[in-house]
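Participant: no sequence for this one, just the structure:
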Ligand SMILES: NC(=O)C1=CN([C@@H]2O[C@H](COP(=O)(O)OP(=O)(O)OC[C@H]3O[C@@H](n4cnc5c(N)ncnc54)[C@H](O)[C@@H]3O)[C@@H](O)[C@H]2O)C=CC1
Ligand SMILES: O=C([O-])CC(=O)C(=O)O
């Protein structure tokens, strides 16, 4: 059965996803979007086969069964709360914003809503989830980005860390996933997703490196569990419109949405 989709935020992730859905994905129909810049959104729809409705973020949940959040973390709660109150399926990209708001999960339990966290720019959450059904000793993630991919992070701004002065690979943050999501709300959604897949934000340890000259956003996860030990690395190509975000993320969201309606679904 076909499901209707709404997208909140038409930036690096949302616009690519909207285009892909408009091009046609069996079982999914894009019906509405939200954008901050209405005129820009209208011009982006020029080549669309079916123009979605342009609505404020609070109104999306009235229009669609699946609400995909691809907006800045600052407006996450408004989008998520509306979707959850209406019992919808919420697919968040700003996963870091979910960590300090786990009451939304309780609320979803009450309303029958579901929150489906996509793998996003990361890899291997299937193996992490499987391992976490058993005993897990440790989960770590090391994120390496070019300095411009970390610019504006509150953690760096508050400490006066000047990324322009970084001339060699530098460890700019070490802590748990909860602290990482607070300090780098636009940079380490992957750490938040890893924490939710595995052993939680307090026990998931994060290192963030600023690496001059690096051309890929690189994430390495290391898991030590009773059933398996694994290390996995992904080197994502930064998107042209937003270097903080990798090009794989809209594709991951598309694959996630497809998994919600497909007859054959691969991976746990
Ligand atoms: N889960 C993952 O692996 C990843 C998650 N992200 C996160 O996904 C989110 C979206 O990322 P990008 O698309 O790269 O960001 P972006 O900054 O390129 O796009 C966000 C869009 O939301 C729009 N927007 C802002 N306020 C709005 C409002 N009130 N109503 C409607 N639209 C509004 C902006 O105008 C912009 O077009 C961010 O929170 C980012 O940190 C990014 C990369 C990977
Ligand atoms: O695209 C990436 O490399 C990951 C990212 O920005 C995030 O997790 O927020």
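Facilitator: Sure, I can see it. This is a predicted model, so every value here is computed, not measured. Ligands and ions are numbered 1, 2, ... in the order given.
Participant: Distance check, residue 223 against ligand 2.
Facilitator: Separation of residue 223 from ligand 2 (Cβ to the nearest ligand atom, to the nearest Å) stands at 18 Å. Backbone N, C-alpha and C define where each C-beta goes, glycine included.
Participant: what's across from that residue in the sheet?
Facilitator: Beta bridges link residue 223 to residue 139, residue 230, judged by DSSP bridges.
Participant: List the contacts of it.
Facilitator: 127, 128, 131, 136, 138, 139, 198, 229, 230, 231 (Cβ atoms under 8 Å, 6 or more residues apart in numbering).
Participant: OK, now which residue of the protein is nearest to ligand 1?
Facilitator: Of all residues in the chain, residue 11 sits closest to ligand 1, at 1.7 Å by Cβ to the nearest ligand atom.
Participant: What's the local residue count around that residue?
Facilitator: If you count neighbours by other Cβ atoms under 10 Å, residue 11 ends up with 18.
Participant: surely it meets residue 244?
Facilitator: No. Using Cβ atoms under 8 Å, residue 11 is not in contact with residue 244, being 10.3 Å away.
Participant: can you count the residues close to residue 51?
Facilitator: What residue 51 shows, counting by other Cβ under 10 Å, is a neighbour count of 12.
Participant: Equivalent analysis for residue 43, please.
Facilitator: Per other Cβ under 10 Å, the neighbour tally for residue 43 reads 10.
Participant: For the residue of the chain closest to ligand 1, give me the backbone phi and psi.
Facilitator: Here is the backbone geometry of residue 11 (degrees, to the nearest 10): phi -100, psi -140.
Participant: check contacts around it.
Facilitator: 70, 71, 241, 242, 245.
Participant: and if you look at residue 3?
Facilitator: For residue 3, the contacting residues are 27, 28, 29, 65, 66, 89, 260, 261, by Cβ under 8 Å, 6+ apart.
Participant: Most widely separated two among these?
Facilitator: Put simply, by Cβ to Cβ the two of these set farthest apart are 29 and 89, 14.1 Å from each other.
Participant: Tell me the buried residues in stretch 69-89?
Facilitator: Residues of stretch 69-89 classed as buried: 69-71, 73, 75-76, 79-84, 86, 88-89 (neighbour count, 16 or more other Cβ atoms under 10 Å).
Participant: err, stretch 175-187, not the other one
Facilitator: By neighbour count on 16+ other Cβ under 10 Å, the buried set for stretch 175-187 is 176, 177, 178, 179, 180, 181, 182, 183, 184, 185, 186, 187.
Participant: Now do it, average pLDDT.
Facilitator: Averaging pLDDT along stretch 175-187 yields 95.
Participant: Contacts for that stretch, please.
Facilitator: Here stretch 175-187 has contacts from 72-74, 94-97, 99-100, 141, 143, 145, 149-150, 152-156, 173, 188-189, 191-192, 194-195, 201-206, 208, 244, using Cβ under 8 Å, 6+ apart.
Participant: close to ligand 1, is stretch 185-200?
Facilitator: Yes. Using Cβ under 6 Å from any ligand atom, stretch 185-200 reaches ligand 1 at 186, 189, 190, 193.
Participant: Sorry, wrong one. I was asking about stretch 174-181.
Facilitator: No. For a cut-off given as Cβ under 6 Å from any ligand atom, stretch 174-181 has no contacts with ligand 1; the smallest distance is 9.9 Å.
Participant: Understood, closing this out.
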